[in-house]
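**Student:** Sharing a model prediction with you, sequence too.
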Amino acid sequence: MKTLIISDFTYPQMGGVEKHIHDLGEALAKHGCEVHVATGVKLSTPMSTSQITYHTIPVQSLSCGVSLPCYSLEVLWLSKLHQTYGFDIVHCHQSYSVLALTGLLWARAAGIPAVLTEHSMARGDVFYEMLLSPIRQCSLALAHQVICVSHECEDNMRSLRHISLQHPVDIIPNIIPSSPRLSDTDVLGGCKKFQNWPPRRLRIAFVQRLVQRKGTDLIGPLVALLAANKVEADVYVAGSGPMEAHLKKLPMYQEGVRLLLLGALPNEEVRLLLSTCHISVIPSYLEAFSMVLVEALQETCIPVASWVGGTSSVYKNVSPWLASRCLCSPSAEELYQCIFNLQQIPQRLLVKELVAASKLACTKYTPDIISKKVYNVYEGLYSQPYPTWLSGILDVWRAEVDYLIFKVWFFIIFTSTTIFHKVYTIAQRFWYRGTRSRSTSLCIQAVQIRPIN
């Protein structure tokens, strides 16, 4: 089965969605899929591996990594790729990716089954979200199947984004492979940092994109609270983003608390950081599925997290005991209170629960388990009747869209894309036949002029 994954969020950019796409591609290859990834990112180095082939579509990208839509250019490149490789399934990731939404449009026009995996949640009051919402509503009407990474993500789609989905949604979380160096012995060894609990000096990690919705604005007030309460701590911040300049203005040392900005780190170094820290703080205001929470548990680092979105359900599924003590509202005061309360728990009890949570986290979201669920979705779609562009027109017309003018505009775009793809395909076939007939004629002529011995 030939699979085309489409998203703006791919390697070499660093983030949860990017890592999931790469891990999923490699895992699907083990199921016999031929995996291709189409992205608008300008690749600085060749990213293709023996399992995945990356293709770059030359679109204009914004600073946040999202491409500006230019439908004719994307459709031309996707049609060219399909003509070369003949894809069986198109899998788009992240509805914030305009390239992914364009991929849904093109896939239905080309008659290819299309899947979209949603990794995010919306606040509903952001200008960009309000602008993208009607385009997303129309585009998702063309998806044959939608996958959400958590039940909270699905609820957010239906309530805040007002998306009416025609098919049941599959809940499939992100892939989070355990570190290759981890074993039962390593898990117990990782708890050596808790031998003297509470420690004389806490090690606290923030691993996240430095944007407002991830709670970056809470780092400063939390560090100030730690200093005001005479807590000695090293606070490590790993990540990059628009609010990095804001963090650089904070004092790097105050009352026994050191703040260290590490910038963006590869996943291996993030894992190493978590393995040396006691606590990982996850103060997000919005989170569909917290990958760093599971990674922290795998590395025997206690997550203190805000309960919003899918974070709460993920934590409770892995360790209800820790979740009851480490989930709170996204505020500096409550995050500090959780850190303080953790230091009052007896060391033996804390280590026992942490080891159990770490072992479960290492086995719950493995590439084999998650990729098998995704592959089953592919097989279900592949066995269904061939999708037509006419059914796509009907689906767009039946979709619930906030503004009628967007539905009319999208209807025109979809019809134009279908016509363009059909004309391009026919023209390519005639060109191929003409080239083949000319090469055959040259071969015949070459045979005729050879002397007969």
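**Tutor:** Received it, and whenever you're ready, just let me know what you need.

**Student:** Look at Ser79 and give its secondary structure.
**Tutor:** helix (DSSP: H, G, I helix; E, B strand; the rest coil).

**Student:** residues in contact with it?
**Tutor:** For Ser79, the contact set (C-beta atoms under 8 Å, 6 or more residues apart in numbering) comprises Trp106, Ala110, Phe420, His421, Tyr424, Thr425. C-betas here are computed from N, CA, C, even on glycine.

**Student:** quick one: contacts for the last one?
**Tutor:** Spelled out, that is Thr425. By C-beta under 8 Å, 6+ apart, the neighbours of Thr425 are Ser79, Gln83.

**Student:** In a helix, it, correct?
**Tutor:** Yes - secondary structure of Thr425 (three-state DSSP): part of a helix.

**Student:** Kindly list the single helix or strand of this protein that scores lowest on mean pLDDT.
**Tutor:** Counting by mean pLDDT, DSSP states H and E, the chain has its least confident helix or strand at helix 184-190, which shows a mean of 57.

**Student:** after that one, next one along is what?
**Tutor:** strand 202-207 (DSSP states H and E).

**Student:** coming back round to it: please identify, among the contacts of Ser79, the one with the most neighbours.
**Tutor:** Within the contacts of Ser79, most neighbours by other C-beta atoms under 10 Å means Trp106, with 29 neighbours.

**Student:** Go ahead and confirm that residue touches Leu78.
**Tutor:** Yes - with contact defined as C-beta atoms under 8 Å, Trp106 reaches Leu78; the gap is 4.8 Å.

**Student:** Low-confidence stretches in this structure?
**Tutor:** 12, 41-48, 60-71, 123-129, 160-161, 166, 180-190, 432-453 (pLDDT under 70).

**Student:** Show me it divided up by domain.
**Tutor:** According to automatic domain parsing, the chain is divided into the following domains: 2-175+368-434, 184-364.

**Student:** circling back to that earlier point, out of the contacts of Ser79, who's nearest Thr363?
**Tutor:** The nearest member of those to Thr363, counting by C-beta to C-beta, is Trp106 at 37.9 Å.

**Student:** what's the spacing between the closest one and Gln208?
**Tutor:** When distance is defined by C-beta to C-beta, to the nearest Å, Trp106 is 33 Å away from Gln208.

**Student:** residues making contact with stretch 349-358?
**Tutor:** The contact list for stretch 349-358, computed with C-beta under 8 Å, 6+ apart, reads 187-188, 190-191, 194, 197, 297-300, 302, 318-319, 321-322, 342.

**Student:** now swap in stretch 313-323 and tell me
**Tutor:** Under the criterion C-beta under 8 Å, 6+ apart, residues 150-152, 173, 289-290, 293-294, 297, 302-303, 305, 312, 326-327, 353-354, 356-357, 360-361, 364 lie in contact with stretch 313-323.

**Student:** Now, those residues that are in strands?
**Tutor:** Among those, the ones falling in strands (DSSP state E) are Ile302, Pro303, Ala305, Leu327.

**Student:** need the strands for the stretch 201-350 of the chain, in chain order.
**Tutor:** For the stretch 201-350 of the chain, the strands defined by DSSP state E, counting those that start in this stretch cover 202-207, 233-238, 253-254, 257-263, 279-282, 302-306, 327-328.

**Student:** helices or strands up against the first one?
**Tutor:** In other words, strand 202-207. On a contact count with 3 or more C-beta pairs under 8 Å, 6 or more residues apart in numbering; DSSP states H and E, strand 202-207 meets strand 233-238, helix 267-276, strand 279-282, helix 291-298.
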